[in-house]
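**Q** What shape does this take:
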Amino acid sequence: MLNNLKPRPADKILVLSTLFRADDRAEKIDLGVGVYKNAEGHTPIMRAVKSAEKQLWNEEDTKTYTSLPGDAGFHQAMADMVLADSVDRDRISFCATPGGTGAIHNVLETIQAAHPDTTVWLSNPSWGNHQSMLNHLGMKSVSYDYFDAEACAVDYPAMLASLQGVKEGDVVLLHGCCHNPTGANINNTQWEEVAELLLAKGAIPFVDIAYQGFGNGLEEDAFGTRLLASKFPEMMIAASCSKNFGIYRERTGIVMAISADAETAKVTQQTLSHMNRQNFSFPPDHGARLVTMVLTDPELRAEWAAELEEVRTGMLALRQQLADALKAETGSDRFGFIADHRGMFSRLGLTEEQVIKLREDNAIYMVGDSRINIAGLTQKNVPIIAKAVAAVL
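**A** Numbering: from 1, shown residues only. Modelled structure (predicted):
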């Protein structure tokens, strides 16, 4: 049986990580994998999370299962953070999942169960696993224009023109903030216009929000998601706690599905729980418990929010430093967009050949489309990167 299996294409980012680890050059620089790193190249446990973990260790007295959709306290804490009071809670169905990826998978299976022929619209480009999961499930997908590769900015007129093709019942996946892989995001006015267009089309928004707090701030980054929740009768949300709580390996995510009314929400809840049961039964609880403790304890929440803000402003400073260094090296404002982008990523607009040359000649590792992880920058390596990039132009 197993000899009938076909080789699967390797994940390009994970292949890049393997190449980086095998490189024995001391000066190598990793701008590939999308995890936050501090100036020492370490992904630390956030202080509030560590405090909550110590408290949990002392207080927890059982490791029995939670419920199929996870802990209700986690659901409400995440709804407070992501949605605030934008929608009546009795219209929301919840499901804790193994990370944001698990949440996306649960949402897609729920869409498929509700309407197998649904078309899902993805931005071009989008996170690679979006398309991969759609393909895996055999779902229809269409891309909408989003990014101007020459200007390294959102091509908003092209985005609107593409979305004119959306039909009633289509699902449109939007990045809630900090677009991955481009770092280029629509502004609040554009969110409002996109919302009105999709509402008129009878589309269903699906928001993937994985980086809340990394862009313009916790509240600011939730603007688009809350706006859509306040306007649409139906909406799907997949949220991740990996980045903004620094708990990558705990695999902590959540689905929040908004139905037109409370009665429909009950059936939606049954479906979300059923999907969990079919895929993995009970969701991981440790990370969810930590998130709940941090978000509901005023002191822990304040400490966490302050540290998250340090991370956010630190990445903004690194963005500005790299943009300035590239301007000094190239004598042009070509890379000014780096300072304007938000989140962990930007695409530099380099060719794959230039990316390979940077890796081979300078031990600078980035994804083939020239996406860089801003958190991989340091004050020490920014001048090195800028000089090397200028040399391959």
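**Q** domain assignment for this protein?
**A** Domain assignment for the chain, taken from automatic domain parsing, gives 11-45+310-392, 65-296.
**Q** lowest-confidence stretch among the ones you listed?
**A** Lowest mean pLDDT within these: domain 11-45+310-392, at a mean of 95.
**Q** Between the two ends of that domain, what distance do you get?
**A** 26 Å (CA to CA, to the nearest Å).
**Q** for stretch 54-64, same thing?
**A** Rule used - CA to CA; the end-to-end distance of stretch 54-64 is 19 Å.
**Q** for it, what is the average pLDDT?
**A** For stretch 54-64, the per-residue pLDDT averages 97.
**Q** Distance from it to the middle of the chain?
**A** Put simply, stretch 54-64 sits 30 Å off its chain's centre (CA atoms, centre = their mean, to the nearest Å).
**Q** Please apply the same query to stretch 374-387.
**A** 23 Å.
**Q** How about stretch 326-342?
**A** Distance, stretch centre to chain centre, for stretch 326-342: 24 Å (CA atoms, centre = their mean).
**Q** what bridges to the closest residue to Pro181 other than its chain neighbours?
**A** In this structure, Pro181 finds its nearest non-sequential neighbour in Arg371, 4.1 Å apart by CB to CB, 6 or more residues apart in numbering. All C-beta spots, glycine's among them, are computed from the backbone N, C-alpha and C. Beta-bridge pairing for Arg371 (DSSP bridges): Arg347.
**Q** Tell me who's in contact with Arg371.
**A** Arg371 sits next to Pro181, Thr182, Phe345, Ser346, Arg347, Leu348 when contact means CB atoms under 8 Å, 6 or more residues apart in numbering.
**Q** Number of residues surrounding the closest residue to the last one other than its chain neighbours?
**A** Put plainly, it is Leu348. Distances taken as CB to CB, 6+ apart put Ser370 closest to Leu348, at 4.2 Å, once the chain neighbours are dropped. Ser370: 21 surrounding residues under other CB atoms under 10 Å.
**Q** Count the neighbours of Lys54 for me.
**A** Lys54: 10 neighbours (other CB under 10 Å).
**Q** how far does the host helix or strand of it sit from the chain's center?
**A** Taking DSSP states H and E as the criterion, Lys54 maps to helix 47-59. Relative to its parent chain, helix 47-59 has a centroid offset of 26 Å by CA atoms, centre = their mean.
**Q** for that helix, packing partners?
**A** In terms of contacts (3 or more CB pairs under 8 Å, 6 or more residues apart in numbering; DSSP states H and E), helix 47-59 is packed against helix 286-296, helix 298-330.
**Q** Could you measure from Leu228 over to Leu122?
**A** 17 Å (CB to CB, to the nearest Å).
**Q** picking up where we left off before, any buried residues in the helix holding Lys54, and which?
**A** Residues Ala48, Val49, Ser51, Ala52, Glu53 are the ones in helix 47-59 that count as buried (16 or more other CB atoms under 10 Å).
**Q** give the contact list for the residue nearest to the first one when sequence neighbours are not counted.
**A** Read it as Ala48. Distances taken as CB to CB, 6+ apart put Trp304 closest to Ala48, at 3.7 Å, once the chain neighbours are dropped. Trp304 makes contact with Met46, Arg47, Ala48, Val49, Phe245, Val294, Leu295, according to CB under 8 Å, 6+ apart.
**Q** Ala388: which of those is nearest?
**A** For the contacts of Trp304, the minimum distance to Ala388 (CB to CB) is 32.1 Å, reached by Met46.
**Q** Just say which of the helices and strands packed on helix 47-59 is most tucked in.
**A** Mean neighbours per residue, mean count of other CB atoms under 10 Å, is largest over the helices and strands packed on helix 47-59 for helix 286-296, with a mean of 23.
**Q** for that helix, the distance to its chain's centre please.
**A** 19 Å.
**Q** my read: Gly246 touches Ile45, true?
**A** Yes - here Gly246 reaches Ile45: they are 6.2 Å apart, a contact under CB atoms under 8 Å.
**Q** more neighbours, those two?
**A** Ranked by neighbour count (other CB under 10 Å), Gly246 and Ile45 place Gly246 first, with 22 against 14.
**Q** which ones are touching the closest residue to that one other than its chain neighbours?
**A** Leaving aside its sequence neighbours, Gly246 sits nearest to Met46 (CB to CB, 6+ apart; 4.6 Å). Met46 sits next to Phe245, Gly246, Trp304, Glu307, Leu308 when contact means CB under 8 Å, 6+ apart.
**Q** Residues touching stretch 1-13, excluding its own?
**A** Gly32, Val33, Gly34, Gly128, Val367, Gly368.
**Q** Columns distance to Ala317 on top of these, output as CSV?
**A** Below are those laid out as CSV (distance: CB to CB, whole Å):
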residue, distance to Ala317
Gly32, 21
Val33, 21
Gly34, 19
Gly128, 28
Val367, 23
Gly368, 27
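**Q** Now restrict those to buried residues only.
**A** Among those, those buried by neighbour count (16+ other CB under 10 Å) are Gly32, Val33, Gly34, Val367, Gly368.
**Q** and of these, the nearest to Lys387?
**A** When the buried ones among the contacts of stretch 1-13 are compared against Lys387 (criterion: CB to CB), the nearest one is Gly32, at 19.6 Å.
**Q** so what's the backbone phi/psi at that closest one?
**A** Main-chain torsions, Gly32, degrees, to the nearest 10: phi -90, psi -80.
**Q** which SSE is the residue nearest to it when sequence neighbours are not counted in?
**A** Nearest non-adjacent residue to Gly32, counting by CB to CB, 6+ apart: Leu16, 4.4 Å away. Using DSSP H and E, Leu16 maps to helix 12-22.
**Q** what are the ranges of the strands in the stretch 151-300 of the chain?
**A** Taking DSSP state E, counting those that start in this stretch as the test, the strands found in the stretch 151-300 of the chain are 153-154, 171-175, 204-209, 235-240, 253-258.
**Q** most neighbours per residue, which of those?
**A** Of all those, strand 253-258 has the most neighbours on average by mean count of other CB under 10 Å, namely a mean of 27.
**Q** Can you give me every residue that contacts the spatially closest residue to Ala158 that is not a sequence neighbour?
**A** Closest residue to Ala158 apart from its sequence neighbours, by CB to CB, 6+ apart: Asp145 at 3.8 Å. Residues counted as contacts of Asp145 (CB under 8 Å, 6+ apart) are Asn124, Asp155, Ala158, Met159, Ala161, Ser162.
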